[in-house]
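**Student:** Fold the following and give me the result.
(2 chains)
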Number of protein chains: 2
Amino acid sequence: MSLKYFFDPLSQPSRAVYIFLKIANIPFEPCPVKIVAGEHRTEEFKEKYSKFQRLPFIHHNGFRLNESVAIVRYLSKLYKIPGNWYPNDSKAQAEVDEYLEWHHLGLRYHCYTHIWTSFLIPMMTGRTPSEKAIQKTKKNLSKALKDFERLFLSENKKYIVGDQISFADLQAACEIDQLKMVHYDVQEETFPKIKIWIENVKKECYPHYQELQREVDELADVYQQTVKSKL
Amino acid sequence: MSLKYFFDPLSQPSRAVYIFLKIANIPFEPCPVKIVAGEHRTEEFKEKYSKFQRLPFIHHNGFRLNESVAIVRYLSKLYKIPGNWYPNDSKAQAEVDEYLEWHHLGLRYHCYTHIWTSFLIPMMTGRTPSEKAIQKTKKNLSKALKDFERLFLSENKKYIVGDQISFADLQAACEIDQLKMVHYDVQEETFPKIKIWIENVKKECYPHYQELQREVDELADVYQQTVKSKL
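**Tutor:** Down below sits the predicted model:
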């Protein structure tokens, strides 16, 4: 097998690329890495696998590559995949790119900051999280989701770029959907368009999307037991 | 003129794309927008020019596009530009992409957070900045620059991807170089490889790089007069 995929289902971009590989029918050798066990932080790992020490990444016939979006673009040039996932057409590709660039600081930063503040740091330190800090990250997150809905789901179309799903949708859905880890419900928080769109993404990516959600669901239980019950 | 470029020289990605357009010899109509005057925040601007209300963006024969990297990829497909700036070769392009994706949260976030904390917020509010807050953003920035040097400039090569400059270098250099706005010197802060590399980027992009630095230099004077003198 020439393509090795290193990932952890607990990492959002890991899930997005895993689902993409499955849907696009690209053959790969799955190489799971356990983030919580710190497997990616050792010196041996840095030398042998990835100097970035972050997930996901690939080894492809000796070529090493990090960053989920760079991986998807690279594989889209090499494998015959359904054109909608990363379009060849200049304008459609540009619109997918526009979202994927906006994603990092427009959405991802706010999702993971909220999850770290309200769950992961309190869980690791055993301290009750600060209500003020949680409210701050939640407010920023709410603004980011409002922007996402307005900028990318506002017109009369099913997905971010028209009526066909692309990697932009998968990247965004995996990010937003993991908020259930901290019991943040996008419907409850009045983002009805996001709720409908995310259900469409799930249907389109069945059963691979659902398969990778199990570990996220388990973390939602851990959150209930370790942090939420103390709030 | 079919390509309109909306930008402000004070915005880092605006500078990077402007220099790219000049170097790549792509004809465009410059459409300056004044961020400090809030020109991009009006409802009229949102309707007429860009719903994102962020810079830079383009209007190209009626097609509207935001996000600096998406713009560069789009134009690289349409115009005949020197191949090194955004390579066609799968592996070289993937390495440029790898940096450009890492850039957002790996470097950009830390550069602008430090500049906002130590300069722009104090300047706008008239308050003396908190020494503790400055030290925190400076520490995170220092770690980001260390990562940048280790991950992208550590091997025996002149630029991020081999010996030829690409848009990855321009994006990174415009980001790091603006730290002089808050008198942060990368040599003084012991990043000698960054110092040499940034000088190479400047030489390669002469005189366009230098032309856009004037406004950054002016802000360095404002910083001296309004904030640093009070610290």
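
**Student:** Please give the centre-to-centre distance between the helix ranked longest in chain A and its chain.
**Tutor:** Criterion DSSP state H: the longest helix present in chain A is helix A:131-152. Mean-position distance between helix A:131-152 and its chain equals 17 Å (C-alpha atoms, centre = their mean, to the nearest Å).

**Student:** One more: stretch A:219-231?
**Tutor:** Centroid separation for stretch A:219-231 versus its chain: 22 Å, with C-alpha atoms, centre = their mean.

**Student:** How about stretch A:52-69?
**Tutor:** Taking C-alpha atoms, centre = their mean, one finds the center of stretch A:52-69 at 16 Å from the center of the full chain.

**Student:** residues in contact with it?
**Tutor:** Applying C-beta atoms under 8 Å, 6 or more residues apart in numbering or on different chains, the contact partners of stretch A:52-69 are A:2-8, A:11, A:13-14, A:16-18, A:28, A:33, A:35, A:40-41, A:45-46, A:49-50, A:71, A:74-75, A:100, A:167, A:171, B:91, B:94-95, B:97-98, B:101-102, B:151. In short, each C-beta sits where N, CA and C put it, glycine included.

**Student:** Next, the buried residues of it.
**Tutor:** Neighbour counts using 16 or more other C-beta atoms under 10 Å in any protein chain shown place A:52-60, A:64-69 of stretch A:52-69 among the buried residues.

**Student:** Now do the same for it: mean pLDDT, whole number.
**Tutor:** For stretch A:52-69, mean pLDDT is 96.

**Student:** Now do the end-to-end distance for it.
**Tutor:** End-to-end distance for stretch A:52-69, by C-alpha to C-alpha, to the nearest Å: 15 Å.

**Student:** Please report the distance of the residue lying closest to A:S11 once chain neighbours are set aside from A:Q12.
**Tutor:** Counting by C-beta to C-beta, 6 or more residues apart in numbering or on different chains, A:S11 lies nearest to A:L55, which is 4.8 Å off, once chain neighbours are set aside. Distance of A:L55 to A:Q12, computed by C-beta to C-beta, to the nearest Å: 10 Å.

**Student:** Next: A:Y79.
**Tutor:** From A:Y79 to A:Q12 the distance is 23 Å (C-beta to C-beta).

**Student:** Looking at those two, which is more packed in?
**Tutor:** Using other C-beta atoms under 10 Å in any protein chain shown, the more surrounded residue of A:Y79 and A:Q12 is A:Q12, with 23 against 13.

**Student:** Please parse chain A into its domains.
**Tutor:** Here the domain assignment for chain A is A:3-78, A:90-230, based on automatic domain parsing.

**Student:** Nearest to B:P192 among those would be which one?
**Tutor:** domain A:3-78 (19.7 Å; C-beta to C-beta).

**Student:** and A:V227, what pLDDT?
**Tutor:** 80.

**Student:** residues contacting it?
**Tutor:** A:S118, A:F119, A:P122, A:M123, A:T128, A:P129.

**Student:** farthest pair in those residues?
**Tutor:** The span of those, defined through C-beta to C-beta, is set by A:F119 and A:T128 at 12.0 Å.

**Student:** quick one, which of these two is more surrounded?
**Tutor:** Neighbour count, other C-beta under 10 Å: between A:F119 and A:T128, A:F119 has more, with 22 against 10.

**Student:** doesn't A:D221 make contact with that one?
**Tutor:** No. A:F119 is beyond contact range of A:D221, at 11.9 Å (criterion: C-beta atoms under 8 Å).

**Student:** ok so, going back, export the domains of chain A as TSV, with columns for distance to B:H208.
**Tutor:** Formatted as TSV, those follow (distance: least, C-beta to C-beta, whole Å):
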stretch	distance to B:H208
domain A:3-78	27
domain A:90-230	23
